[in-house]
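Colleague: I need the structure of the sequence given here:
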Amino acid sequence: MKRYLIAVLLMMLALPFSASAQWYLFPGGRNSKDSLAVNTNVDSLVTSVPDSNAVKVFRDSTVSVQSDEVAVADSLTVFEQPVTVTKVSLILPLKSTSTPNSNFLDFYCGVLLAADELGDESHRIDLNVYDSTVGLPTSLKLYDSDLIIGPVSVEDIERLAPRLHWKYLVSPLDPKAAALTDRYNIIQAPAGWEAQVDDLIRWLAEDRRESDAVVLLQSADEAGGEISRRMAEKLGASEIPYEISSTPSSYEEGVRGSCRFLIASENEEFCTTAIREIALMNLRGGHNVVYSTSKLRGISDLETESLHAAATRITASYYADPGDLEVRTFSERYRKLFKGEPSQWSFQGYDLMKYFGTQAKEKPAFWVEELYVTPARGLQTDFNFDASGRNNKAIRRLKYNANNTISIVR
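Modeller: Take a look at the predicted model:
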């Protein structure tokens, strides 16, 4: 699939960017009054998708619906239903002038599927795609946008945000962009590590019994780290007594209830060793539980089996449950259209476009102001914004079970 996408992208790049016409992309073989339009101008870029039977590309001028009258039986006049339009700008680092970035092509494919679902006979999505590695779009290019998703890096977001004035930009991936929401019109889509820590302490408080011990685990040289400080602050606010240690095995005996270990370390080697140690303690008959943010899932040397044996609880911003019916349905449709498996990038593109596109479609004049009262559940990302409407706080709780399954705790 990747090779085909790259080949199609390179073919599209060979087309003259000075053309003033639009390229319309219609998944499912729709007719010329389709609900999804993809536009490319001088500095915007659009790619096709692999299945030529499922996707048709037409070159034409902007589709517009006229109020043509049709006379029927000399007395009846039928008016065509007007079509509303949501204009979306998508800014991704596609690397279109070199080897295209396959992750962001996946993201783009997910966006296409969601945009196609949002369109119907009375509504159309106009999608403009910009390659940020070629250059960021000007404020004039974004002037008519109802929804702007991207750019991806916090550096590009900081460069573009001052140009937008009253427009809002959705930060799709980089958690560090949350620091810019106080200064600019930025909506932080993925929840950051702070939200993961806060929910982790709430989860521990719900699980904890009076006889349980709570231990903050960190290496000796990490005292006072950012994560451990926040964990300690939240534990104190919840009035949960705790100890700090770097050796889980010292709690193998002497605890009447369960020992609940909070991973407060950023050191991957320490985390790996600690999880393995706790897993062995449980295999020897212990009743220990590990609590951590999603950083554990990114440690390549840490076996998934150890996470299960250690009875790990993880708070994460992303997780698509393979057993979920909607996830399976999306995956089947994705495979049919794009001849490959969806990645987490595909799910993220779909979730963001589906959620924010729905808000912009249903509340075109004030969708930003309504985000804090419009929670939603996506395929791998949930949405629950704070009172400012700019920071997503939604977290998924992942429970690693002894039978090697993962449950989402609601």
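Colleague: what's the single longest helix in this protein?
Modeller: helix 344-362 (DSSP state H).
Colleague: Tell me which other helices or strands that helix touches.
Modeller: If you count contacts as 3 or more C-beta pairs under 8 Å, 6 or more residues apart in numbering; DSSP states H and E, helix 344-362 packs onto strand 84-92, helix 102-118, strand 147-149, helix 325-338. (Glycine included, C-beta is placed from N, CA and C.)
Colleague: let's see it at 7 Å
Modeller: Under the contact criterion of 3 or more C-beta pairs under 7 Å, 6 or more residues apart in numbering; DSSP states H and E, helix 344-362 touches strand 84-92, helix 102-118, strand 147-149.
Colleague: Toward the C-terminus, what is the element adjacent to the longest one?
Modeller: When you say that, I think you mean helix 102-118. Using DSSP states H and E, the next helix or strand after helix 102-118 towards the C-terminus is strand 123-131.
Colleague: what is the mean pLDDT for that next one?
Modeller: The predicted model assigns strand 123-131 a mean pLDDT of 95.
Colleague: If you tally nearby residues, what's the number for residue 134?
Modeller: The number of residues packed near residue 134 is 17, by other C-beta atoms under 10 Å.
Colleague: where does the chain have its least confident helix or strand?
Modeller: Least confident helix or strand of the chain, by mean pLDDT, DSSP states H and E, is strand 22-27 with a mean of 27.
Colleague: And the helices in the stretch 201-350 of the chain?
Modeller: All helices of the stretch 201-350 of the chain, identified by DSSP state H, counting those that start in this stretch, fall at 226-237, 268-283, 304-309, 325-338, 344-362.
Colleague: Quick one: residues contacting residue 375.
Modeller: Residue 375 makes contact with 383-384 under the criterion C-beta atoms under 7 Å, 6 or more residues apart in numbering.
Colleague: Contacts only, for the spatially most central residue of the chain.
Modeller: When C-alpha atoms, centre = their mean is applied to the chain, the residue found nearest the centroid is residue 348 (3.7 Å). By C-beta under 7 Å, 6+ apart, the residues touching residue 348 are 107, 110, 172, 318, 380-381.
Colleague: Surely residue 101 is in contact with residue 107?
Modeller: No: checked against C-beta atoms under 7 Å, the pair residue 101 and residue 107 is beyond contact range at 9.0 Å.
Colleague: Comparing these two, which residue is more hemmed in?
Modeller: residue 107 (29 against 20).
Colleague: Apart from its neighbours in sequence, what residue is nearest that one?
Modeller: With sequence-adjacent residues excluded and distances taken as C-beta to C-beta, 6 or more residues apart in numbering, residue 107 is closest to residue 349, at 3.8 Å.
Colleague: Around the one you found, how many other residues sit close by?
Modeller: Residue 349: 28 neighbours (other C-beta under 10 Å).
Colleague: Next up, the contacts around it.
Modeller: Contacts of residue 349 (C-beta under 7 Å, 6+ apart): 107-111.
Colleague: Just give me the closest of those to residue 124.
Modeller: Residue 124 lies nearest to residue 111 out of those, by C-beta to C-beta, at 15.2 Å.
Colleague: From what I see, the closest one and residue 351 are in contact.
Modeller: No: counting by C-beta under 7 Å, residue 111 does not reach residue 351; the two are 9.8 Å apart.
Colleague: and residue 156, what does it touch?
Modeller: Applying C-beta under 7 Å, 6+ apart, the residues near residue 156 are 132, 136.
Colleague: Next, count neighbours for residue 189.
Modeller: Neighbour tally, residue 189, other C-beta under 10 Å: 26.
Colleague: Confirm for me that it is in contact with residue 170.
Modeller: Yes: the pair residue 189 / residue 170 is scored as a contact, 5.5 Å apart, by C-beta under 7 Å.
Colleague: Next, residue 196: secondary structure please.
Modeller: Following DSSP: H, G, I helix; E, B strand; the rest coil, the label given to residue 196 is helix.
Colleague: ok, now which ones touch the nearest residue to residue 209 once chain neighbours are set aside?
Modeller: Nearest non-adjacent residue to residue 209, counting by C-beta to C-beta, 6+ apart: residue 257, 5.5 Å away. Contacts for residue 257 were tallied using C-beta under 7 Å, 6+ apart; they are 209, 211-212.
Colleague: Output those in JSON lines; the columns should cover neighbour count and distance to residue 400.
Modeller: Listed next are the contacts of residue 257 as JSON lines, based on neighbours: other C-beta atoms under 10 Å; distance: C-beta to C-beta, whole Å:
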{"residue": "209", "neighbour count": "9", "distance to residue 400": "20"}
{"residue": "211", "neighbour count": "9", "distance to residue 400": "23"}
{"residue": "212", "neighbour count": "18", "distance to residue 400": "19"}
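Colleague: Nearest to residue 131, out of these: which one, please.
Modeller: residue 212 (52.4 Å).
Colleague: gap between residue 362 and residue 121?
Modeller: 16 Å (C-beta to C-beta, to the nearest Å).
Colleague: typo on my end, it should be residue 331
Modeller: 27 Å.
Colleague: Good, wrapping up.
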